[in-house]
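Undergrad: Compute the structure for the input listed below.
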Amino acid sequence: KYRDERLKSVMGVTVKRALGILQHAFDIAHDEWGWDVPSNPIKSIRKLASGKARDRRLMPGEEARLLAEVGKCKNPWILPCVSLAIETAMRRSELLRMTWNDIAWEKRTLLIPLTKNGDPRTIPLTDNVLRLLKRLPRSLDGYVIPISTTCLRMAWDRALRRADIYDLRFHDLRHEAISRFFEMGLSVPEVALISGHRDYRMLFRYTHLRAEDVVLKLK
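TA: Residues are numbered from 1 along each chain as shown. The predicted structure is shown next:
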């Protein structure tokens with residue numbers, strides 16, 4: 001009943017995630033807390049297909065229009081945040097939690113201590129990223145991008161409208177960045193080190209290999 005009611009107002013993938021959380025809660029209650037739960041009721045519910053994964057990338061001209069509009073925002077932190085997302089493939093939450101202490105300038109790396117999968121990772125920084133970071137003023141709280149999620153989301157939506165760009169989410173910039181890493185010639189393990197993917201199969205949708213390109217590499 002819960003599943004069917006929720007499907008009237010949200011997408012199937014949202015319902016699937018919610019059911020997954022509930023299923024995990026029952027497992028923890030039984031396995032870790034010793035609750036007398038004879039069976040996990042969520043396991044008997046038919047799960048919904050996740051649907052096709054998004055493959056939205058920046059179209060020709062969109063990046064220039066996007067950066068031009070976010071550059072006009074009254075908040076000076078929006079432009080560097082968007083630029084860093086395109087350059088590093090970092091998630092929005094990772095960008096907003098980044099501190100100056102996480103940066104190793106001599107090693108040209110950045111430590112991301114808190115990630116989606118729970119494992120910290122260290123990523124390399126390009127010349128463009130280092131130049132961008134060095135130009136930023138330092139806030140008193142130590143955060144590199146000292147703004148809230150709500151502030152970024154509202155500025156993002158307004159910039160998209162002004163730039164006449166549709167169906168582009170902030171998370172799509174991560175897809176764009178990962179795709180560019182593959183286009184640069186980085187291997188799957190190298191890209192996984194930057195993106196934080198533990199399952200290499202998740203990265204295959206970012207690769208668009210052609211046989212003639214592989215021939216050139218074999219030569």
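Undergrad: Please count neighbours and contacts with C-alpha atoms only from this point.
TA: Fine.
Undergrad: check contacts around the residue lying farthest from the centre of the chain.
TA: Within the chain, the residue lying farthest from the chain centre (Cα atoms, centre = their mean) is residue 36, at 38.6 Å. Contact analysis of residue 36 by Cα atoms under 8 Å, 6 or more residues apart in numbering lists residue 30.
Undergrad: I'd like to know how far it sits from residue 126.
TA: 54 Å (Cα to Cα, to the nearest Å).
Undergrad: ok, residue 112 touching residue 118?
TA: No: counting by Cα atoms under 8 Å, residue 118 is not a contact partner of residue 112; they are 10.3 Å apart.
Undergrad: more crowded one of those two?
TA: Legend: neighbour count by other Cα atoms under 10 Å for residue 112 and residue 118, higher for residue 112 (20 against 8).
Undergrad: Could you tell me the phi and psi values at residue 26?
TA: When read as degrees, to the nearest 10, the backbone of residue 26 gives phi -60, psi -40.
Undergrad: can you pull out the strands in this protein?
TA: Using DSSP state E, the strands found in the chain span residues 103-104, 109-112, 121-124.
Undergrad: I'd like to know which of the ones you listed lies nearest to residue 191.
TA: strand 121-124 (9.7 Å; Cα to Cα).
Undergrad: what's next to that closest one, contact-wise?
TA: Taking Cα under 8 Å, 6+ apart as the rule, strand 121-124 contacts 108, 109, 110, 111, 112, 113, 115, 193, 194, 196.
Undergrad: Setting the sequence-adjacent residues aside, check what's closest to the first one.
TA: Going back to what we said before, that points to residue 108. residue 125 (5.4 Å; Cα to Cα, 6 or more residues apart in numbering).
Undergrad: and if you look at the fourth one?
TA: In space, and not counting its chain neighbours, residue 111 is closest to residue 122: 4.4 Å by Cα to Cα, 6+ apart.
Undergrad: From residue 183, how far off is that neighbour?
TA: Counting by Cα to Cα, the gap from residue 122 to residue 183 is 21 Å.
Undergrad: Low-confidence bits of the protein, can you list those?
TA: 48-53, 207-210, 212-214 (pLDDT under 70).
Undergrad: which stretches of it form helices?
TA: When secondary structure is read from DSSP state H, the chain shows helices at 2-6, 12-31, 62-70, 78-88, 92-97, 127-135, 149-163, 172-183, 188-195, 211-218.
Undergrad: Just the C-alphas of the shortest one, formatted as CSV.
TA: Coordinates of each C-alpha in helix 2-6 appear next as CSV, following Å, rounded to 0.1, in the frame of the first residue of the first chain:
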residue,chain,number,x,y,z
TYR,A,2,2.8,2.4,0.8
ARG,A,3,4.6,1.6,-2.4
ASP,A,4,1.5,2.1,-4.5
GLU,A,5,0.5,5.4,-2.8
ARG,A,6,4.0,6.8,-3.2
